[in-house]
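Asker: Structure here, sequence nowhere to be found:
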């Protein structure tokens, strides 16, 4: 799914980077821990930027929190999006993070998936003879 998102961002004329956000916390023993959280894509074009996180699903609170942790640490006003594999109604959470399914993010994916399914099925029929 990340390849699809990457290719779509490139086709839209964006420059793509991967981001890392500094994250500090204290462990259960009180020790100060410093780690980095990854942002899957930072798409930029001219003076605009969009932070994009790719996730297969966000069906639990823990999984959603894991996916948005890096986006919550980004301290600017550029758009932040979580793109998931399944079809979901797009929405925005209390942190201003947008959520969309891959089909909403990239409408052309439906025709690509149909093409792949058709040709993969034909390939299987041919290779099994």
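Answerer: Good, I have the coordinates. Here the structure is a predicted model, which means the values were calculated and not measured.
Asker: burial of residue 85, as a residue count?
Answerer: Residue 85 has 15 neighbours, counted by other CB atoms under 10 Å. Just so you know, the C-beta spots here come from the backbone N, C-alpha and C atoms, and that holds for glycine as well.
Asker: who's residue 43 bridged to?
Answerer: Per DSSP bridges, the residues bridged to residue 43 are residue 16, residue 50.
Asker: could you pull out the strands for this protein?
Answerer: Under the criterion DSSP state E, the chain contains strands at 15-26, 32-45, 48-55, 79-84, 91-92, 97-101.
Asker: In this protein, which residue is most central in space?
Answerer: residue 54 (1.9 Å; CA atoms, centre = their mean).
Asker: I'd guessed residue 56 sits against residue 66; true?
Answerer: No: using CB atoms under 8 Å, residue 56 is not in contact with residue 66, being 11.8 Å away.
Asker: Now do the contacts for residue 52.
Answerer: 5, 9, 39, 40, 41, 42, 43, 80, 81, 82, 83 (CB atoms under 8 Å, 6 or more residues apart in numbering).
Asker: go again using 6 Å as the cut-off
Answerer: Residues counted as contacts of residue 52 (CB atoms under 6 Å, 6 or more residues apart in numbering) are 40, 41, 81.
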